[in-house]
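Enquirer: Provided below for reference: sequence and predicted model.
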Amino acid sequence: MYKAINNALVVCSFIILTHVQAAMPKSQIWLAQEGESGFTVQPLTDKSAYNNQPLITDDGVYYTKEVEVQGQSQTDLFLYRFDDNSHTNLTNTPESEYSPTIFPHKKGISTIVVEKSGEQRLWFYPEDKSQSTSRIFEHIKPVGYHVWGKNEEVILFILGQPHSLQFTNLSGHLPKVVAKDIGRSLAYNSARDIYSFTYMVDGEQWFATYSSQHNSVRKHFRLPSTIRDYTWMNDNVVAYALDNKIYTRDIDTPKSVSLWRNLQDYCDTNITRLSYYEGSLAFVCAR
């Protein structure tokens with residue numbers, strides 16, 4: 001059931017939470033699809049609450065949704081299923097979960113959990129509900145985002161001053177700091193065996209990649225400072241939103257920028273999150 005995206009596992013949100021928030025920014029997830037009838041766009045969620053962090057897979061769209069528990073707002077993880085158009089609460093816990101990500105080593109998802117102590121750690125939620133949830137790393141915290149790579153590799157967004165990108169494996173042994181002052185969007189490109197991220201260098205934001213094989217970081221092109229999120233469209237092309245328009249760039253020809261879609265008819269504010277998979281795009285419109 002949980003077949004991951006081939007090109008990238010995109011983790012797309014950045015909320016630092018140490019306590020349950022009474023109110024969250026409202027946002028709406030839309031689903032755009034390219035098919036025989038052309039390019040169609042439809043709302044995936046309502047716009048009355050926080051709906052964010054979409055991740056597209058073969059089965060549907062995973063996302064984070066605001067729910068109310070005992071008069072207070074928190075977040076659970078949901079799955080919109082393509083086969084029957086249903087929305088399922090996957091977690092339904094007293095804690096807040098964020099950033100649903102396919103866990104490649106067992107059937108289920110990995111997620112950031114805001115624990116009762118306020119600490120943010122990485123957890124595993126099994127597909128089989130008869131199995132227990134469990135922490136993946138006890139000692140690595142506070143985690144904001146993560147993405148899995150080949151074998152048992154993982155890179156982590158670690159909250160701090162500044163935020164840092166750290167690389168380790170499933171054992172959690174001695175995480176290595178790869179870069180500092182990084183942005184919230186992480187992805188893995190399996191075809192090129194590289195991890196992608198954004199970070200600030202001398203006041204400029206760059207789209208960059210990290211190769212664990214060569215233990216090296218490469219800067220590919222500058223990005224406007226307002227860009228917070230991106231998604232891989234294939235092995236070579238990256239898409240990102242500026243206001244309510246989506247642009248693409250090929251990392252092999254990075255100086256060329258193309259307008260892919262103008263989505264102002266569906267989002268009259270800003271597109272803040274993106275996830276693309278085989279002709280389907282989930283995007284978040286801020287409200």
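Expert: Alright, I've got the coordinates.
Enquirer: drop to CA atoms for contacts and neighbour counts, all remaining ones
Expert: Will do.
Enquirer: measure residue 119 to residue 275 for me?
Expert: 27 Å (C-alpha to C-alpha, to the nearest Å).
Enquirer: Mind checking which of the two has more residues around it?
Expert: Just comparing residue 119 and residue 275: by other C-alpha atoms under 10 Å the higher neighbour count belongs to residue 275, 29 against 15.
Enquirer: quick one, phi/psi of the closest residue to residue 125 other than its chain neighbours?
Expert: Nearest residue to residue 125, sequence neighbours excluded (C-alpha to C-alpha, 6 or more residues apart in numbering): residue 133, at 4.9 Å. Residue 133 adopts backbone torsions of phi -70, psi 160, taken as degrees, to the nearest 10.
Enquirer: for residue 133, what are its contacts?
Expert: Residues near residue 133 by C-alpha atoms under 8 Å, 6 or more residues apart in numbering: 123-126.
Enquirer: again, only this time at 10 Å
Expert: Residues in contact with residue 133 (C-alpha atoms under 10 Å, 6 or more residues apart in numbering) are 91, 108, 110, 123-127.
Enquirer: go on, residue 132?
Expert: So residue 132 contacts 124-126 (C-alpha under 10 Å, 6+ apart).
Enquirer: now swap in residue 51 and tell me
Expert: Residue 51 sits next to 24-29, 44-45, 63-67, 75, 77-78, 284-286 when contact means C-alpha under 10 Å, 6+ apart.
Enquirer: what's the helix or strand for it?
Expert: Assessed by DSSP states H and E, residue 51 sits inside strand 51-56.
Enquirer: Okay, buried residues for stretch 41-48 please.
Expert: Judged by neighbour count (16 or more other C-alpha atoms under 10 Å), stretch 41-48 contains these buried residues: 41, 44-45.
Enquirer: Residue 81 touches residue 62, doesn't it?
Expert: Yes - with contacts counted by C-alpha atoms under 10 Å, residue 81 reaches residue 62, the gap being 8.7 Å.
Enquirer: out of these two, which sits in the more crowded spot?
Expert: residue 62 (27 against 16).
Enquirer: The more buried one: what's its closest spatial neighbour, skipping adjacent residues?
Expert: Looking at residue 62 with C-alpha to C-alpha, 6+ apart, the closest residue is residue 79, at 4.4 Å.
Enquirer: can you pull the pLDDT of that neighbour?
Expert: On pLDDT, residue 79 comes in at 98.
Enquirer: Against residue 65, how distant is it?
Expert: Residue 79 is 10 Å from residue 65, by C-alpha to C-alpha.
Enquirer: okay, the two: which has more neighbours?
Expert: Using other C-alpha under 10 Å, the more surrounded residue of residue 79 and residue 65 is residue 65, with 25 against 22.
Enquirer: ok, the more buried one touching residue 98?
Expert: Yes - applying C-alpha under 10 Å, one finds residue 65 in contact with residue 98, separated by 8.8 Å.
Enquirer: Find the residues that touch each one of those two.
Expert: With C-alpha under 10 Å, 6+ apart as the test, residue 65 and residue 98 both reach 52-53, 75-77.
Enquirer: among the residues you listed, who's most crowded?
Expert: Neighbour-wise, the shared contacts of residue 65 and residue 98 (other C-alpha under 10 Å) top out at residue 52, 31 neighbours.
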